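>>> this is the structure alone, sequence omitted:
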């Protein structure tokens, strides 16, 4: 389930003469080992992808069997997305932000999933999932209930995977490697299992950042579309402004304004009143314990699970957010006229984001996958120490265990793993500033 198996060519182990990277005398052996490791990881990636799909298929089948036995059926986050689509087609869209109406929609979606095989008690176990998305996201969710549940679920995963895999393809030259890297990534598994929005948000942000240098206006368009999950873009204005990417900034801003205008034209203004009016309600949910802490991978969640009082946990979260914003601002300003470091700058932005926001779930960490790909590509271009490669692989693959560890031990390691990846990216960015790419490549 490691995600670095995409490499078809041997990674270059650096032998730079600079003081920061000691010379290696066994480069041939190391390169041979890396080449063999890459081939093995590539195979493991496809095995992991098959295992992911098989697991989700088994869970869905088990859910239908449980429903037929009278037990609790399987309900995922996609059940609520489907419920929202059903509600919008049969009711006023502003009622998505009314808890009672959204609960009723969830119950109705349970019958849409399982039909007459479930009773009222089983249907009510679908529960209440608050609609936290802005009205612009309703435009994306509206078509979901046009199809029966399972075809709709598959269509959602495939459709949202398009920008995600396009982003991976823009970072990783080889198509098969990009697909293997992207789909075998642990956050991809969580997104698939939950039927969530990670492919969409992470893919749009990754695609926008990958196109930033070549097509800044188009990059701004993709980034602007990602505003349907606005909290994941909280650091993007800081990065674009500090880096002087004003055309992309303007493209993103215009796209956001256009999305809002379209949502008002299609849905009316009332959904925006509902969204704004429920914001404090959703924030209060943290202190009320309304959210699932085990699958939340924020600093706030990690601190809370560790037994830290919620007030102090918020202090740690705010401190982490300030550090993340400062880090992104400094890195993007420093690399303002260094296009060869833009990949690492983008990686740092994507890794700092989940550390800055209080509500980030396992599936939201799809935004980390392009970051890991940028780091890996930089390792191939500039060379890398063996411990850097090991740290990258282990930290990235370790995300797959974060939920089980949190559920069984009440220890959330997700933020620590993301922070480790951020440290690797920062170290490589600093080294890249000191060592031009041509020098690093020729000395390897």
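Alright, I've got the coordinates. Since the model is a prediction, treat every value here as computed from it, not as a measurement. Residues are numbered from 1 along each chain as shown.
>>> separation between the closest residue to residue 436 other than its chain neighbours and residue 431?
Distances taken as Cβ to Cβ, 6 or more residues apart in numbering place residue 340 nearest to residue 436, at 7.9 Å, with adjacent residues excluded. Every C-beta, even on glycine, is put in place using the N, C-alpha and C of the backbone. Separation of residue 340 from residue 431 (Cβ to Cβ, to the nearest Å): 12 Å.
>>> average pLDDT for stretch 103-110?
Averaged over stretch 103-110, pLDDT sits at 94.
>>> checking residue 127 next. Helix, strand or coil?
The three-state assignment at residue 127 reads coil, by DSSP: H, G, I helix; E, B strand; the rest coil.
>>> count of neighbours near it?
12 (other Cβ atoms under 10 Å).
>>> wait, it touches residue 109, no?
No. Residue 127 is beyond contact range of residue 109, at 11.1 Å (criterion: Cβ atoms under 8 Å).
>>> which of residue 340 and residue 431 has more residues huddled nearby?
residue 431 (20 against 16).
>>> helix or strand: which one has that one?
Assigned by DSSP states H and E, residue 431 belongs to helix 414-434.
>>> and if you look at residue 346?
Here residue 346 is assigned to helix 342-356, by DSSP H and E.
>>> which strands and helices sit next to the following helix or strand past that helix?
Next along the chain after helix 342-356, taking DSSP H and E as the criterion, comes helix 368-382. Under the contact definition 3 or more Cβ pairs under 8 Å, 6 or more residues apart in numbering; DSSP states H and E, helix 368-382 sits against helix 149-171, helix 175-184, helix 186-194, helix 198-210, helix 342-356, helix 386-398, helix 414-434, helix 437-443.
>>> could you dump those helices to TSV with distance to residue 47?
What follows is the helices and strands packed on helix 368-382, written out as TSV (distance: least, Cβ to Cβ, whole Å):
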stretch	distance to residue 47
helix 149-171	19
helix 175-184	9
helix 186-194	13
helix 198-210	21
helix 342-356	26
helix 386-398	13
helix 414-434	22
helix 437-443	33
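>>> relative to residue 92, which of those is closest?
helix 149-171 (22.0 Å; Cβ to Cβ).
>>> find the nearest non-adjacent residue to residue 204, please.
That would be residue 226: by Cβ to Cβ, 6+ apart, it lies 3.8 Å from residue 204.
>>> hmm, that neighbour is touching residue 206, no?
No. Assessed by Cβ under 8 Å, residue 226 is found out of contact with residue 206, at 9.3 Å.
>>> who's more crowded, these two?
residue 206 (32 against 25).
>>> who are the packing partners of the helix holding residue 346?
helix 198-210, helix 236-243, helix 310-334, helix 368-382, helix 414-434.
>>> tell me what angle it forms with helix 149-171.
Helix 342-356 and helix 149-171 are oriented at 140 degrees to each other (axes from the mean of the first three to the mean of the last three Cα atoms, to 10 degrees).
>>> orientation of helix 342-356 relative to helix 198-210 in degrees?
Helix 342-356 runs at 140 degrees relative to helix 198-210, counting by the same axes, to 10 degrees.
>>> go through helix 342-356 and flag the buried ones.
342-356 (16 or more other Cβ atoms under 10 Å).
>>> ditto for stretch 82-96
82-88, 93-96.
>>> what of stretch 423-438?
Within stretch 423-438, the residues scored as buried using 16+ other Cβ under 10 Å are 424-429, 431-432, 435.
>>> report the separation between the residue most central in space within the chain and residue 83.
In the chain, the C-alpha nearest the mean C-alpha coordinate belongs to residue 366, at 2.4 Å (Cα atoms, centre = their mean). Residue 366 sits at a distance of 23 Å from residue 83 (criterion: Cβ to Cβ).
>>> can you check residue 127 too?
Distance, residue 127 to residue 83, using Cβ to Cβ: 11 Å.
>>> swap in residue 315?
36 Å.
>>> how about residue 299?
31 Å.
>>> point out where the stretch 301-444 of the chain drops to low pLDDT.
437-444 (pLDDT under 70).
>>> tell me which other helices or strands the helix holding residue 431 touches.
Checked by 3+ Cβ pairs under 8 Å, 6+ apart, helix 414-434 has helix 299-305, helix 310-334, helix 342-356, helix 368-382, helix 386-398, helix 402-409 packed alongside it.
>>> between it and helix 310-334, how many degrees?
20 degrees.
>>> quick check: angle from helix 414-434 to helix 368-382?
Angle, helix 414-434 to helix 368-382, by the same axes, to 10 degrees: 30 degrees.
>>> next, count neighbours for residue 61.
Neighbour count for residue 61, taken as other Cβ under 10 Å: 11.
>>> from residue 428, how far out is it?
From residue 61 to residue 428 the distance is 44 Å (Cβ to Cβ).
>>> cool, residue 270 as well?
49 Å.
>>> residue 383 too?
Counting by Cβ to Cβ - residue 383 and residue 428 are separated by 10 Å.
>>> cool, residue 267 as well?
Relative to residue 428, and taking Cβ to Cβ, residue 267 is found at 45 Å.
>>> tell me the contacts of residue 241?
The contact partners of residue 241, taken as Cβ atoms under 8 Å, 6 or more residues apart in numbering, are residue 249.
>>> mind doing that once more with 10 Å?
249, 329, 332-333 (Cβ atoms under 10 Å, 6 or more residues apart in numbering).
>>> what is the nearest of these to residue 153?
Nearest to residue 153 out of these is residue 249 (Cβ to Cβ; 35.7 Å).
>>> for that closest one, what are its contacts?
216, 219-220, 223-224, 236-237, 239-241, 243.
>>> how many residues are close by the closest residue to residue 303 other than its chain neighbours?
Once flanking residues are discounted, residue 303 sits nearest to residue 313: 3.7 Å by Cβ to Cβ, 6+ apart. For residue 313, the number of neighbouring residues by other Cβ under 10 Å comes to 22.
>>> confirm for me that residue 313 is in contact with residue 296.
No. Applying Cβ atoms under 10 Å, one finds residue 313 not in contact with residue 296, separated by 11.6 Å.
>>> which residues do these two both contact?
With Cβ under 10 Å, 6+ apart, residue 313 and residue 296 have common neighbours 286, 302, 304-305, 358.
>>> show me what the longest helix seen in the chain is packed up against.
For the chain, the helix with the greatest residue count under DSSP state H is helix 27-69. The helices and strands touching helix 27-69, judged by 3 or more Cβ pairs under 10 Å, 6 or more residues apart in numbering; DSSP states H and E, are helix 99-114, helix 120-124, helix 149-171, helix 175-184, helix 186-194, helix 368-382, helix 386-398.
>>> fine, thanks again, bye for now.
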